[in-house]
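> Dropping a prediction and its sequence here:
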Amino acid sequence: MEKVQGEMEIERWERSEEISDAEKKVIQETWSRVYANCEDVGVSILIRFFVNFPSAKQYFSQFKHMEDPLEMERSLQLRKHAQRVMGAINTVVENLSDPEKVSSILALVGKAHALKHKVEPIYFKKLTGVMLEVIAEEYANDFTPEVHSAWTKMKTLIYTHVT
Ligand code: HEM
(Lines give C-alpha, C1' and ligand atoms only; values in the text may rest on other atoms or scores of the structure.)
Protein backbone atom coordinates (compact mmCIF):
# COMPACT_ATOMS: atom_id res chain seq x y z
CA MET A 1 0.00 0.00 0.00
CA GLU A 2 1.19 3.48 -0.81
CA LYS A 3 2.62 5.39 2.14
CA VAL A 4 1.36 8.85 2.95
CA GLN A 5 3.83 11.69 3.35
CA GLY A 6 3.63 11.70 7.18
CA GLU A 7 4.45 7.98 7.43
CA MET A 8 7.47 8.41 5.18
CA GLU A 9 8.71 11.31 7.31
CA ILE A 10 8.42 9.19 10.47
CA GLU A 11 10.25 6.27 8.83
CA ARG A 12 13.04 8.54 7.63
CA TRP A 13 13.34 10.06 11.12
CA GLU A 14 13.45 6.64 12.78
CA ARG A 15 16.12 5.44 10.37
CA SER A 16 18.24 8.51 10.93
CA GLU A 17 18.00 7.95 14.71
CA GLU A 18 18.86 4.26 14.49
CA ILE A 19 22.06 3.39 16.34
CA SER A 20 24.38 1.34 14.14
CA ASP A 21 26.44 -1.56 15.50
CA ALA A 22 29.60 0.55 15.20
CA GLU A 23 27.94 3.35 17.17
CA LYS A 24 26.79 0.89 19.85
CA LYS A 25 30.40 -0.18 20.27
CA VAL A 26 31.51 3.44 20.53
CA ILE A 27 28.85 4.11 23.19
CA GLN A 28 29.87 1.01 25.17
CA GLU A 29 33.54 1.98 25.05
CA THR A 30 33.03 5.55 26.26
CA TRP A 31 30.48 4.43 28.84
CA SER A 32 32.91 1.91 30.38
CA ARG A 33 35.24 4.85 31.13
CA VAL A 34 32.38 6.97 32.47
CA TYR A 35 30.97 4.15 34.58
CA ALA A 36 34.35 3.42 36.18
CA ASN A 37 33.78 6.80 37.84
CA CYS A 38 30.03 6.50 38.13
CA GLU A 39 29.51 8.02 41.56
CA ASP A 40 31.34 11.29 40.81
CA VAL A 41 29.97 11.63 37.28
CA GLY A 42 26.41 10.83 38.40
CA VAL A 43 26.53 13.42 41.19
CA SER A 44 28.03 16.06 38.81
CA ILE A 45 25.24 15.41 36.30
CA LEU A 46 22.49 15.72 38.90
CA ILE A 47 23.94 18.84 40.55
CA ARG A 48 24.24 20.61 37.20
CA PHE A 49 20.70 19.49 36.34
CA PHE A 50 19.26 20.91 39.57
CA VAL A 51 21.31 24.14 39.32
CA ASN A 52 20.25 24.73 35.69
CA PHE A 53 16.65 23.60 36.23
CA PRO A 54 15.83 24.38 39.88
CA SER A 55 12.14 23.50 39.42
CA ALA A 56 13.24 19.84 38.99
CA LYS A 57 14.07 19.79 42.73
CA GLN A 58 10.34 19.93 43.58
CA TYR A 59 10.10 16.12 43.36
CA PHE A 60 12.76 15.49 46.00
CA SER A 61 11.50 16.00 49.54
CA GLN A 62 14.97 16.17 51.12
CA PHE A 63 16.63 18.79 48.92
CA LYS A 64 13.89 20.75 47.21
CA HIS A 65 14.85 23.88 49.18
CA MET A 66 18.63 23.58 48.67
CA GLU A 67 20.37 26.26 46.60
CA ASP A 68 24.03 25.56 47.38
CA PRO A 69 25.62 22.91 45.10
CA LEU A 70 28.00 21.91 47.92
CA GLU A 71 25.06 21.20 50.19
CA MET A 72 23.32 19.26 47.37
CA GLU A 73 26.47 17.18 46.94
CA ARG A 74 26.10 15.95 50.52
CA SER A 75 22.41 15.04 50.16
CA LEU A 76 21.94 11.29 50.50
CA GLN A 77 18.75 11.44 48.46
CA LEU A 78 20.60 13.12 45.58
CA ARG A 79 23.49 10.65 45.75
CA LYS A 80 21.07 7.72 45.80
CA HIS A 81 19.20 9.01 42.75
CA ALA A 82 22.53 9.60 40.96
CA GLN A 83 23.41 5.96 41.62
CA ARG A 84 20.04 4.75 40.36
CA VAL A 85 20.19 6.86 37.18
CA MET A 86 23.72 5.65 36.40
CA GLY A 87 22.76 2.03 37.19
CA ALA A 88 19.74 2.16 34.87
CA ILE A 89 21.77 3.72 32.04
CA ASN A 90 24.43 1.08 32.57
CA THR A 91 21.82 -1.67 32.10
CA VAL A 92 20.61 0.05 28.90
CA VAL A 93 24.18 0.32 27.56
CA GLU A 94 24.88 -3.33 28.41
CA ASN A 95 21.76 -4.36 26.48
CA LEU A 96 22.03 -2.10 23.45
CA SER A 97 21.96 -5.10 21.14
CA ASP A 98 18.62 -6.20 22.60
CA PRO A 99 16.08 -3.49 21.63
CA GLU A 100 13.20 -5.20 23.44
CA LYS A 101 15.08 -5.27 26.71
CA VAL A 102 16.10 -1.61 26.26
CA SER A 103 12.46 -0.66 25.63
CA SER A 104 11.21 -2.57 28.65
CA ILE A 105 13.85 -1.13 31.04
CA LEU A 106 13.12 2.42 29.93
CA ALA A 107 9.35 1.92 29.84
CA LEU A 108 9.53 0.74 33.46
CA VAL A 109 11.52 3.85 34.45
CA GLY A 110 9.00 6.00 32.56
CA LYS A 111 6.01 4.34 34.20
CA ALA A 112 7.38 4.67 37.75
CA HIS A 113 8.27 8.34 37.23
CA ALA A 114 4.93 9.22 35.67
CA LEU A 115 2.72 7.29 38.10
CA LYS A 116 4.65 7.15 41.37
CA HIS A 117 6.79 10.28 41.27
CA LYS A 118 4.53 12.37 38.95
CA VAL A 119 7.53 13.78 37.06
CA GLU A 120 6.79 15.99 34.02
CA PRO A 121 8.27 14.24 30.91
CA ILE A 122 10.15 17.39 29.80
CA TYR A 123 12.62 16.88 32.69
CA PHE A 124 13.89 13.69 31.06
CA LYS A 125 14.86 15.65 27.96
CA LYS A 126 16.63 18.22 30.12
CA LEU A 127 18.41 15.61 32.27
CA THR A 128 19.67 13.59 29.29
CA GLY A 129 20.88 16.86 27.69
CA VAL A 130 22.85 17.70 30.85
CA MET A 131 24.18 14.13 30.99
CA LEU A 132 25.64 14.45 27.49
CA GLU A 133 27.05 17.90 28.27
CA VAL A 134 28.82 16.71 31.44
CA ILE A 135 30.31 13.53 29.97
CA ALA A 136 31.41 15.37 26.79
CA GLU A 137 33.25 17.89 29.01
CA GLU A 138 34.75 15.40 31.45
CA TYR A 139 35.83 12.99 28.70
CA ALA A 140 36.65 15.69 26.15
CA ASN A 141 39.60 13.74 24.71
CA ASP A 142 37.32 10.81 23.86
CA PHE A 143 34.56 12.97 22.40
CA THR A 144 35.36 13.11 18.70
CA PRO A 145 32.48 14.24 16.41
CA GLU A 146 31.67 10.53 15.77
CA VAL A 147 31.42 9.77 19.48
CA HIS A 148 29.32 12.88 19.98
CA SER A 149 26.93 11.86 17.22
CA ALA A 150 26.54 8.31 18.65
CA TRP A 151 25.83 9.76 22.12
CA THR A 152 23.31 12.24 20.71
CA LYS A 153 21.36 9.25 19.38
CA MET A 154 21.70 7.50 22.73
CA LYS A 155 20.32 10.58 24.50
CA THR A 156 17.33 10.64 22.11
CA LEU A 157 16.78 6.92 22.61
CA ILE A 158 16.65 7.30 26.41
CA TYR A 159 14.23 10.19 26.58
CA THR A 160 11.94 9.06 23.77
CA HIS A 161 11.54 5.61 25.35
CA VAL A 162 11.08 6.94 28.87
CA THR A 163 8.47 9.48 27.83
C1 HEM B 1 17.24 8.83 32.62
C2 HEM B 1 16.68 9.40 33.65
C3 HEM B 1 16.30 8.75 34.95
C4 HEM B 1 16.51 7.48 35.41
C5 HEM B 1 17.21 6.33 34.69
C6 HEM B 1 15.94 7.40 36.74
C7 HEM B 1 15.94 6.27 37.54
C8 HEM B 1 15.36 6.18 38.79
C9 HEM B 1 15.28 4.97 39.56
C10 HEM B 1 15.85 3.60 39.10
C11 HEM B 1 14.62 5.26 40.71
C12 HEM B 1 14.31 4.29 41.87
C13 HEM B 1 13.09 3.43 41.55
C14 HEM B 1 11.82 4.21 41.60
O15 HEM B 1 11.44 4.75 42.66
O16 HEM B 1 11.19 4.34 40.54
C17 HEM B 1 14.27 6.67 40.67
C18 HEM B 1 13.60 7.36 41.65
C19 HEM B 1 13.18 8.67 41.56
N20 HEM B 1 13.35 9.52 40.48
FE21 HEM B 1 14.39 9.09 38.82
N22 HEM B 1 15.39 8.63 37.07
C23 HEM B 1 15.59 9.47 36.01
C24 HEM B 1 15.17 10.77 35.91
C25 HEM B 1 14.45 11.46 36.86
C26 HEM B 1 14.00 12.83 36.74
C27 HEM B 1 14.26 13.71 35.50
C28 HEM B 1 13.35 13.14 37.90
C29 HEM B 1 12.72 14.44 38.31
C30 HEM B 1 13.06 15.62 37.90
C31 HEM B 1 13.36 11.96 38.74
C32 HEM B 1 12.77 11.85 39.99
C33 HEM B 1 12.80 10.74 40.79
C34 HEM B 1 12.23 10.70 42.13
C35 HEM B 1 11.52 11.84 42.87
C36 HEM B 1 12.48 9.40 42.63
C37 HEM B 1 12.17 8.88 44.03
C38 HEM B 1 13.33 9.34 44.91
C39 HEM B 1 13.32 8.80 46.31
O40 HEM B 1 12.49 7.97 46.65
O41 HEM B 1 14.22 9.21 47.06
N42 HEM B 1 14.04 10.96 38.07
N43 HEM B 1 14.73 7.20 39.49
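Right, received. Where do you want to start?

> Let me see the contact set for the residue minimising distance to the centre of the chain.
Compute the mean C-alpha point of the chain, and by CA atoms, centre = their mean the closest residue is residue 128, 3.8 Å away. By CB atoms under 8 Å, 6 or more residues apart in numbering, residue 128 lies in contact with 155, 158-159. To be clear about C-beta, it is placed using only N, CA and C from the backbone, and glycine gets the same treatment.

> Name the helix or strand for it, please.
Residue 128 is part of helix 122-138 when elements are defined by DSSP states H and E.

> What is the subsequent helix or strand relative to that helix?
Next in line after helix 122-138, if elements are assigned by DSSP H and E, sits helix 145-162.

> Next, the angle helix 122-138 makes with that next one.
160 degrees (axes from the mean of the first three to the mean of the last three CA atoms, to 10 degrees).

> For helix 145-162, which outside residues touch it?
Contacts of helix 145-162 (CB under 8 Å, 6+ apart): 17-19, 23-24, 26-27, 30, 89, 92-93, 102-103, 106-107, 109-110, 113, 121, 124-125, 128-129, 131-132, 135-136, 143.

> filter the residues you listed down to the ones close to the ligand.
109, 113, 124 (CB under 6 Å from any ligand atom).

> of those residues, closest to residue 60?
residue 113 (12.4 Å; CB to CB).

> got the contact list for the closest one?
Contact analysis of residue 113 by CB under 8 Å, 6+ apart lists 119, 124, 162.

> Save these as JSON lines, and put in neighbour count and pLDDT too.
Output for the contacts of residue 113, formatted as JSON lines (neighbours: other CB atoms under 10 Å; pLDDT from 0 to 100):
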{"residue": "119", "neighbour count": "19", "pLDDT": "97"}
{"residue": "124", "neighbour count": "21", "pLDDT": "97"}
{"residue": "162", "neighbour count": "23", "pLDDT": "93"}
